[in-house]
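Colleague: predicted structure and sequence below. I'll ask about it afterward.
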2 protein chains.
Amino acid sequence: MSIITPKPISGFPELLPDAQIVFNRCLQIVRETYELFGFAPIETPAVERKEILTSKGGDEKEIFALTRLFTRPDESPETDLALHFDLTVPLARYVAQNKDKLVFPFRRYQMQKIWRGERPQKGRYREFYQCDIDVIGRGSVSLFTDAEIPSVIYQVFKRMDIGHFVIRINNRRLLQGYFEYLGVPNAQIGEVLRAVDRLEKEGRDKVRRELTEKIGVAESAADDILAFIGNESASDTDAVLAKIQASPAMSNERFAQGAAELNTVIAGIRSLGVPDDYFRADLSIARGLGYYTGTVYETQLIKYPELGSICSGGRYDDLASYFTTEKLPGVGISIGLSRLVIQLIEAGVLKTGPSTPAPVIVTTMDTSRMADYLKIAASLREAGIATEVYFDKGRLGDQLKYANRKGFKIAIIAGENEFAAGQVKVKNLITGQETLCEQAQLLAHVVG
Amino acid sequence: MSIITPKPISGFPELLPDAQIVFNRCLQIVRETYELFGFAPIETPAVERKEILTSKGGDEKEIFALTRLFTRPDESPETDLALHFDLTVPLARYVAQNKDKLVFPFRRYQMQKIWRGERPQKGRYREFYQCDIDVIGRGSVSLFTDAEIPSVIYQVFKRMDIGHFVIRINNRRLLQGYFEYLGVPNAQIGEVLRAVDRLEKEGRDKVRRELTEKIGVAESAADDILAFIGNESASDTDAVLAKIQASPAMSNERFAQGAAELNTVIAGIRSLGVPDDYFRADLSIARGLGYYTGTVYETQLIKYPELGSICSGGRYDDLASYFTTEKLPGVGISIGLSRLVIQLIEAGVLKTGPSTPAPVIVTTMDTSRMADYLKIAASLREAGIATEVYFDKGRLGDQLKYANRKGFKIAIIAGENEFAAGQVKVKNLITGQETLCEQAQLLAHVVG
């Protein structure tokens, strides 16, 4: 028989157990936090009809299409299916399809793998987890929802313990109003937003050239834009809000509405107890996507700016316009968890530990007492303590070596002498300390 | 713009939030129980190379192949990828690929979606969750592992609370030895096992005809086989073990070895505290797959025999013979969770409840006090109580109607009077009872 030597596929990450345990802990933190805010889980199939995925002009999308590998000659090859490339299109399809069965506002979270059918490139994932929340309304969604989302983001990353981060908050209506006020024609506002969005990446001079030379914004207007969105003059949230309030652009209705929204959102975030050094109003956040219409969010890890935004989102006017005529506005965010966690493991911010989820191992120096070892393990598990029993034949030293390699914290040891005395040894594998205790007291010693 | 009306795709199940909450609870029970026994999580990509998936003679397999939907003319279409159809082949590939980084015995669990690229058929899932555990050894795996697996199965389904079930345990070596003892030629033993495996489904007469007419087993041998594996003469585990011990086939070495193994496994299961009415030695369990070489398991829900085996598995001699020359024996089981849970929800065995994971809703009768409502919610969440705030404008009656539709258990109510008195109302939405309490005492009232 010929042997196929397996090798990794570019873009499809896979972890060893110690890293997988860390990844799963992060997944669980996201899940619990989303639920803490009353978001309900849904899960859509990985597979959608191609027409659903490409509804929004899909040919620039990176999509993996499916075909059945083996079909009988009398069977249809079924070529209309593909893997989803995000969780937003499936959400739109789900809400449109079930809108008479759902209760609105529909607060859902969704944590699933998505696939990008793009060519293999170093550092690009083609399969990864996205963790999304969205609140979808029928006709409208309260602005207080926009204030709640940063509180969710704060709780998620605080619990994940990945260092200081800042949630940057802006309002696209405010920016649009500002550009209107400066006399930028409506048709150019989208382009201006996309140019402004690249400020951090490309720098002031390049964006200014784009605004003036490529888009045709007047020199003085370009300077006003860069002065308004720049952070030089207003480094904290209150200063930014004051700058907005003092702006002559308040005469523009859209600007004033955006300003009022941003004020409400910031006040709500504070009421929810998010500390001031974990968020800020930041006029330079524009989000390139045309999709967003009001509040927008980005989140940066202070020590790892090179990771880019680790959680982004915002408010949109209409989720599912391709699938229903009913207007379904919403607010949402997305965390690309695979990239974030794997990079933070590589950077040592998230530390890997044991390759077992069990803290306790029951060693088995006397195989004739296996029934007793099994009973000890059963009693620990009964008390909710994850426990493995060492089953291979081996000297105690080898068994403890195995225990250390896997990262167990406690080894239970008992041989002829201990059993005769109704006792058992509890060895702390971190300190090396051994305690002899009555078998009946084992649980207290393991928990203690 | 033309609207695409979304409709379900046959074989790709999707749940509404209330059912998804039940499904996720079951997933979590399986995960926690697997970890309680010290199984470590791994997750392999959904995507494998076709050559990996088809290594075991794949053309009878139901596989979804991938292609990139849009490729530029200068790009390779990359046609060597496909979706995994089980978790065993990916495990074999993973272990072979990482065998020098893993600690053996390698105890892993894996809970992922798998895909079957088969034609749409009523009642057949083409995307579903499998929840597997396996213990893989380098060269050997202790027989006590075979005893531990039924304890895992017992704990999973007991916690899932789906009614009485029985784990049926047998040993293929024992059956093979028995057939040898009866003089069945080696080349026919596989066929005989597959015929015997169909006993429950096809009945005694049909299997007897298959044995004698199709396979060519002697009439008297066929009668002996049916008498031996039939449950008529030995209904409980001890009676089955006694029948084996008394069998003249004990003169056959393989039979005797299988008998010894089965005895050890049953004794271990008892030491681990699995109650006698939740498992039994059952000589009719053969598992058709050639793969298994020793202990085999099937699990039946007593009230729903039509579900078939809800958890099956067994021992195999060599996991990854297609990917490495090293011998990697193992023991494992698989639960097809999607089918099980969805059918049990439909049967009313698993009951759906709220469509929100939050027990508490903070109503907002006075929108000018929104900051206070947000603070109340934040304090509840701080204490770990999942909480939603009602953000839409609406009379209290409408807010409570919304709360009841989603299935909240407690509503917090406060208006001008309550705020003036520093109080808040806690309404139990199940009993209708309202309690007025000091704001500072809220937490105790919600938890209590």
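Modeller: All right, it came through fine. Values in this document were obtained by computation on a predicted structure and should not be read as measured data.
Colleague: next one: stretch A:247-257 to chain centre, how far?
Modeller: How far stretch A:247-257 lies from its chain's middle: 35 Å, per C-alpha atoms, centre = their mean, to the nearest Å.
Colleague: name the residues of that stretch that are buried.
Modeller: A:247, A:249, A:252, A:254-256 (16 or more other C-beta atoms under 10 Å in any protein chain shown). For the C-beta atoms, the positions are set from N, CA and C on the backbone; glycine is no exception.
Colleague: so where's chain A uncertain?
Modeller: A:1, A:57-60, A:231-234, A:289 (pLDDT under 70).
Colleague: give me the most central residue, it.
Modeller: In chain A, the residue lying closest to the centroid (C-alpha atoms, centre = their mean) is A:Ile335, at 2.6 Å.
Colleague: pretty sure it contacts A:Ile310?
Modeller: Yes - A:Ile335 lies in contact with A:Ile310 (C-beta atoms under 8 Å); the separation is 6.8 Å.
Colleague: helices or strands next to the helix or strand where the residue nearest to the centre of chain A lies in the packing?
Modeller: If you go by DSSP states H and E, A:Ile335 is part of strand A:330-336. Applying 3 or more C-beta pairs under 8 Å, 6 or more residues apart in numbering or on different chains; DSSP states H and E, we find strand A:330-336 packed against strand A:127-136, helix A:144-160, strand A:312-316.
Colleague: any chance of JSON lines for the ones you listed, columns mean neighbour count and distance to A:Arg107?
Modeller: Shown next, in JSON lines, are the helices and strands packed on strand A:330-336 (neighbours: other C-beta atoms under 10 Å in any protein chain shown; distance: least, C-beta to C-beta, whole Å):
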{"stretch": "strand A:127-136", "mean neighbour count": "23", "distance to A:Arg107": "5"}
{"stretch": "helix A:144-160", "mean neighbour count": "23", "distance to A:Arg107": "9"}
{"stretch": "strand A:312-316", "mean neighbour count": "24", "distance to A:Arg107": "14"}
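Colleague: residues touching A:Phe279, list them.
Modeller: By C-beta atoms under 8 Å, 6 or more residues apart in numbering or on different chains, the contact list for A:Phe279 reads A:150, A:154, A:166-169, A:237, A:269.
Colleague: who does the nearest residue to it once chain neighbours are set aside bridge with?
Modeller: Leaving out its chain neighbours, the residue that sits closest to A:Phe279 by C-beta to C-beta, 6 or more residues apart in numbering or on different chains is A:Ile167, at 4.2 Å. Per DSSP bridges, the residues bridged to A:Ile167 are A:Phe279, A:Thr299.
Colleague: A:Ile167 contacts A:Thr299, correct?
Modeller: Yes - look at A:Ile167 against A:Thr299 with C-beta under 8 Å: they come within range, at 5.0 Å.
Colleague: does A:Glu48 fall in a helix, a strand, or a coil region?
Modeller: Secondary structure, DSSP: H, G, I helix; E, B strand; the rest coil: A:Glu48 is strand.
Colleague: let me have the helices and strands packed on strand A:330-336 in TSV, adding distance to B:Gly407 as columns.
Modeller: Output for the helices and strands packed on strand A:330-336, formatted as TSV (distance: least, C-beta to C-beta, whole Å):
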stretch	distance to B:Gly407
strand A:127-136	18
helix A:144-160	20
strand A:312-316	27
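Colleague: of these, which is nearest A:Phe37?
Modeller: A:Phe37 lies closest, by C-beta to C-beta, to one member of the helices and strands packed on strand A:330-336: helix A:144-160, at 5.2 Å.
Colleague: can I get the CA coordinates of that closest one in CSV?
Modeller: What follows is helix A:144-160, C-alpha atoms only, in CSV (Å, rounded to 0.1, in the frame of the first residue of the first chain):
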residue,chain,number,x,y,z
PHE,A,144,-29.2,53.0,22.5
THR,A,145,-28.3,49.7,20.8
ASP,A,146,-25.4,51.6,19.3
ALA,A,147,-24.3,52.4,22.8
GLU,A,148,-24.6,48.9,24.0
ILE,A,149,-22.4,47.3,21.4
PRO,A,150,-19.1,48.9,22.7
SER,A,151,-20.0,47.6,26.2
VAL,A,152,-20.1,44.1,24.6
ILE,A,153,-16.8,44.6,22.9
TYR,A,154,-15.3,45.9,26.2
GLN,A,155,-16.5,42.9,28.2
VAL,A,156,-15.3,40.4,25.5
PHE,A,157,-11.7,41.6,25.3
LYS,A,158,-11.4,42.5,29.0
ARG,A,159,-12.3,38.9,29.8
MET,A,160,-10.0,37.5,27.2
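Colleague: tell me what that helix is packed against?
Modeller: Helix A:144-160 packs on helix A:17-36, strand A:127-136, strand A:165-171, helix A:253-271, strand A:292-301, strand A:330-336, helix B:370-382, going by 3+ C-beta pairs under 8 Å, 6+ apart.
Colleague: rebuild the ones you listed as TSV, extending it with distance to B:Ala260.
Modeller: Below are the helices and strands packed on helix A:144-160 laid out as TSV (distance: least, C-beta to C-beta, whole Å):
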stretch	distance to B:Ala260
helix A:17-36	33
strand A:127-136	46
strand A:165-171	60
helix A:253-271	68
strand A:292-301	59
strand A:330-336	54
helix B:370-382	57
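Colleague: to A:Ile63, which of the ones you listed lies closest?
Modeller: A:Ile63 sits nearest to strand A:127-136 of all the helices and strands packed on helix A:144-160, at 13.1 Å, using C-beta to C-beta.
Colleague: number of residues surrounding A:Pro77?
Modeller: Here the count is done by other C-beta atoms under 10 Å in any protein chain shown, and A:Pro77 has 8 residues near it.
Colleague: domain ranges for chain A?
Modeller: Domains of chain A are assigned by automatic domain parsing as A:17-346, A:360-447.
Colleague: pick the most deeply packed of these.
Modeller: Sort these by mean neighbour count, taking mean count of other C-beta atoms under 10 Å in any protein chain shown, and domain A:17-346 sits at the top with a mean of 19.
Colleague: list the contacts of the residue nearest to the centre of chain A.
Modeller: Contacts for A:Ile335 (C-beta under 8 Å, 6+ apart) come out as A:30, A:130-132, A:156, A:310-311.
Colleague: make it 7 Å
Modeller: Going by C-beta atoms under 7 Å, 6 or more residues apart in numbering or on different chains, A:Ile335 touches A:30, A:131, A:310-311.
Colleague: mind giving me JSON lines with those residues and columns for distance to A:Tyr292?
Modeller: Putting these into JSON lines (distance: C-beta to C-beta, whole Å) gives the following:
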{"residue": "A:Val30", "distance to A:Tyr292": "22"}
{"residue": "A:Cys131", "distance to A:Tyr292": "19"}
{"residue": "A:Ile310", "distance to A:Tyr292": "18"}
{"residue": "A:Cys311", "distance to A:Tyr292": "14"}
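Colleague: I'd like those laid out as CSV, including distance to chain B.
Modeller: CSV is the format used below for the contacts of A:Ile335 (distance: C-beta to the nearest C-beta, whole Å):
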residue, distance to chain B
A:Val30, 13
A:Cys131, 14
A:Ile310, 21
A:Cys311, 18
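Colleague: for the stretch 151-300 of chain A, which residues are neighbours of chain B?
Modeller: Taking C-beta under 7 Å from any C-beta of the partner chain as the criterion, the stretch 151-300 of chain A approaches chain B at residues A:267-268, A:271-273.
Colleague: got a list of what A:Lys409 touches?
Modeller: For A:Lys409, the contacting residues are A:359, A:429-430, by C-beta under 7 Å, 6+ apart.
Colleague: and what of A:Lys50?
Modeller: Applying C-beta under 7 Å, 6+ apart to A:Lys50 gives the contacts A:65, A:80-82.
Colleague: no further queries at this time; thank you.
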